[in-house]
Structures are given as C-alpha cells and as structure tokens.
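*Asks:* Fold the following and give me the result.
(one chain, ligands or ions: 1)
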Amino acid sequence: MARLRIPKSLRLMGHDIEVVMVDDLIEECELLGDCDFYENVIRIQTPIPGILTRSQAVQTYYHELLHFAFHLTGYEKESQDEQMVDRIAQLIHQALVSAKYK
Ligand SMILES: [Zn+2]
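*Replies:* This is a model prediction of the structure:
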C-alpha cells in the first residue's frame, strides 16, 4: 500500500492553493475538511487518535481537492454535490493507495 501524503500547497489551473492542517476543525465546524474558493485554501482536520485516522484525513484531502477541481473547471453544480464528490474522492484515493508499479 502506498503511503499518500497531504501537500502544503499545489497549483490548479494557475491558482496556488494552500493546504492547511487544522487541530480543531471538527470541534469548531463539525467538519473534517473544507474549501475556501476565495482565499484558495483547503483546510483538513489533523488526525486524532481514535476519531480520525491519517488515511481518513488523506481521503478528506482528495474530497476537498475534487471540490476545487469542479469549481475551477466551471462545474459549480457538481462541486456542490457532496455525495458524488465523496464517491469519486474515495475511488481516486483507493486507486492511488492500492496502485502497484513494475
Ligand atoms: Zn464536501
């Protein structure tokens, strides 16, 4: 199994997006992650033993990344479809984690 990482930043369609790990996102907002399309920031809850695993935090990162991808490509309705975003994020996460190379 590949050990995926959450980056500090990335660029999508010329936009520099910062990824911030937050200690109290669950407590403050009852969220594992969120996107700020105006500030170009993705926030992810840091893993919490017994509550949120590292793998779940990484999967949340892909979820938020997909929100950004749909938003920046003009698929606003799709960006707001939580169920679809989550399912695709889970598939991408699983494909990357389980990928084997020669
Ligand atoms: Zn979402």
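*Asks:* need the contact list for the residue nearest to H63 when sequence neighbours are not counted.
*Replies:* Distances taken as C-beta to C-beta, 6 or more residues apart in numbering place A89 nearest to H63, at 4.0 Å, with adjacent residues excluded. (Each C-beta comes from the backbone N, C-alpha and C, glycine too.) A89 sits next to 59, 62-63, 65-66 when contact means C-beta atoms under 8 Å, 6 or more residues apart in numbering.
*Asks:* Could you let me know which of these ends up closest to H15?
*Replies:* L65 (12.3 Å; C-beta to C-beta).
*Asks:* gap between that closest one and G50?
*Replies:* 26 Å (C-beta to C-beta, to the nearest Å).
*Asks:* Of these two, which one has the most company?
*Replies:* L65 (22 against 5; other C-beta atoms under 10 Å).
*Asks:* What residues sit buried inside the helix or strand where that one lies?
*Replies:* Using DSSP states H and E, L65 maps to helix 54-72. Neighbour counts using 16 or more other C-beta atoms under 10 Å place 56-72 of helix 54-72 among the buried residues.
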